[in-house]
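Visitor: Show me the folded form of this:
(one chain, ligands or ions: 1)
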Amino acid sequence: MALTMDSRIYVAGHRGLVGAAITRSLQQRGARDLLLRTHGELDLTNQADVREFFDRERPEIVILAAARVGGIHANNTRPALFIRDNLLIQDNVIDAAHRSGVAKLVFLGSSCIYPKLAPQPIKEEYLLTGPLEPTNEWYAIAKIAGLKMCQAYRREFGFNAISLMPTNLYGPGDNFDLQNSHVLPALIRRFHEAKRRGDPELVVWGTGTPRREFLHVDDLADAVLHLLETYDGEPIVNIGWGEDLTIRELAALIAEVTGFEGRVTFDPSKPDGTPRKLLDTTRLSELGWRPKIPLRQGIEQTYAWFKAHAEDARLY
Ligand SMILES: NC(=O)c1ccc[n+]([C@@H]2O[C@H](COP(=O)([O-])OP(=O)(O)OC[C@H]3O[C@@H](n4cnc5c(N)ncnc54)[C@H](OP(=O)(O)O)[C@@H]3O)[C@@H](O)[C@H]2O)c1
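Guide: Numbers count the residues shown, from 1 in each chain. Okay, here's the model as predicted:
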């Protein structure tokens, strides 16, 4: 079944960074039948509730953007929560979607599914060729199980589930909590606060040498909808910007955008995580999609959003 603006589309996790961007993009395209439920309205770890929801509402298309997500600290301190919630959410949603006759499902994984020391840039076929980064292996193992579940349901039942692996994302609606957020929003908030206090120095966690790639979440949403419309294969597809930079370069860029004029130093006693993580996006390019929002422009726009929403952004 082709995606049309009359399709009944369930975006799971529509208030999250990714789900909100996909929902915005669908609304901009004129989607008329969006199904949206908050975590409070439907806890996706509850199998009976999820099955009942699918049987009653009968979505035609499902975009699974609900997950237990967090940075190194959150993954390290709550391993049970990360593996449990993610396994349950994806198992319940993928199975209920298949049982209730959903025509197509998009599963969102993450670049952390790949081995810690994978050759760079990371091609899709490097999956399961080496040990994972230990700081987030709980999350990664759950995501690997999710993409394998999509492949297994496609093989056994002909269920049209595709799995997409985004790189690090950022943008409006991100989590700016210092304990649980990813590096880019955490740095935006820290530089913003350091500037406001007039601090002479800002210390960034780690050595500053790891290389990372960042993609604006509006680009991600555009890629997801492009592949929802055009791709029906079993192989997973990376979604990235295609170039990376060091954390030191990222910090300098955010210092400039936020107007922080103090010194930026690094604390090598804090964990660095994977030394480099750049996705190979050849497959995505061959499927006819390219990102559009350059990093500086994306950070400027995200910083403007952060300042405008500092009160209601997820700060604490
Ligand atoms: N952010 C990134 O950099 C990034 C990178 C690669 C891949 N991804 C993938 O993109 C997907 C979404 O990530 P995100 O960054 O948008 O995360 P997010 O901002 O934390 O949003 C996740 C959403 O899922 C909801 N959720 C969590 N547990 C739930 C449950 N038990 N029942 C119902 N809803 C639940 C959350 O609702 P509450 O907040 O109310 O709990 C939230 O709205 C994930 O699969 C992630 O792996 C993200």
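Visitor: And the helices in this protein, which stretches?
Guide: According to DSSP state H, the chain carries its helices in the segments 17-28, 47-57, 72-77, 79-99, 137-157, 183-197, 217-230, 247-258, 282-286, 295-308.
Visitor: Give me the angle between the fourth one and helix 137-157.
Guide: Between helix 79-99 and helix 137-157, the angle comes out at 20 degrees (axes from the mean of the first three to the mean of the last three C-alpha atoms, to 10 degrees).
Visitor: any idea of the mean pLDDT for helix 79-99?
Guide: For helix 79-99, the mean pLDDT works out to 97.
Visitor: Return the alpha-carbon coordinates of that helix using PDB.
Guide: Taking Å, rounded to 0.1, in the frame of the first residue of the first chain, the C-alpha atoms of helix 79-99 are listed here in PDB:
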ATOM      1  CA  PRO A  79      21.200  -0.700  32.000                       C
ATOM      2  CA  ALA A  80      18.200  -2.700  33.000                       C
ATOM      3  CA  LEU A  81      15.700   0.000  32.200                       C
ATOM      4  CA  PHE A  82      17.300   0.600  28.800                       C
ATOM      5  CA  ILE A  83      17.300  -3.000  27.700                       C
ATOM      6  CA  ARG A  84      13.900  -3.800  29.100                       C
ATOM      7  CA  ASP A  85      11.900  -0.800  27.900                       C
ATOM      8  CA  ASN A  86      13.400  -0.900  24.400                       C
ATOM      9  CA  LEU A  87      12.900  -4.700  23.900                       C
ATOM     10  CA  LEU A  88       9.300  -4.500  25.200                       C
ATOM     11  CA  ILE A  89       8.300  -1.400  23.200                       C
ATOM     12  CA  GLN A  90       9.600  -2.700  19.900                       C
ATOM     13  CA  ASP A  91       8.400  -6.300  20.500                       C
ATOM     14  CA  ASN A  92       4.900  -5.100  21.400                       C
ATOM     15  CA  VAL A  93       4.600  -2.600  18.500                       C
ATOM     16  CA  ILE A  94       6.100  -4.700  15.700                       C
ATOM     17  CA  ASP A  95       4.100  -7.800  16.700                       C
ATOM     18  CA  ALA A  96       0.800  -6.000  17.200                       C
ATOM     19  CA  ALA A  97       1.300  -4.100  13.800                       C
ATOM     20  CA  HIS A  98       1.800  -7.400  12.000                       C
ATOM     21  CA  ARG A  99      -1.200  -9.100  13.700                       C
END
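Visitor: Would you mark the buried spots in it?
Guide: For helix 79-99, burial by neighbour count (16 or more other C-beta atoms under 10 Å) applies to 82-83, 85-98. C-betas here are computed from N, CA, C, even on glycine.
Visitor: how about the closest residue to Val106 other than its chain neighbours, what does it touch?
Guide: Among residues not flanking Val106 along the chain, Ile63 sits closest, at 4.7 Å (C-beta to C-beta, 6 or more residues apart in numbering). Contacts for Ile63 (C-beta atoms under 8 Å, 6 or more residues apart in numbering) come out as Ile9, Tyr10, Val11, Ala12, Gly19, Ile22, Leu105, Val106, Leu108, Val224, Leu228.
Visitor: partners of Ile63 in the sheet?
Guide: Val11, Val106 (DSSP bridges).
Visitor: so which of the contacts of Ile63 are also by the ligand?
Guide: Among the contacts of Ile63, proximity to the ligand is found for Gly19, Leu108 (C-beta under 6 Å from any ligand atom).
Visitor: Which of the contacts of Ile63 sits closest to the ligand?
Guide: Leu108 (4.1 Å; C-beta to the nearest ligand atom).
Visitor: Around the closest one, how many other residues sit close by?
Guide: For Leu108, the neighbour count with other C-beta atoms under 10 Å is 26.
Visitor: Surely it touches Ala161?
Guide: No - counting by C-beta atoms under 8 Å, Leu108 does not reach Ala161; the two are 11.5 Å apart.
Visitor: I'd like the distance from Ala74 to Ile188, if you could.
Guide: Counting by C-beta to C-beta, to the nearest Å, the separation of Ala74 from Ile188 is 18 Å.
Visitor: typed the wrong thing, it's Gly130
Guide: 32 Å.
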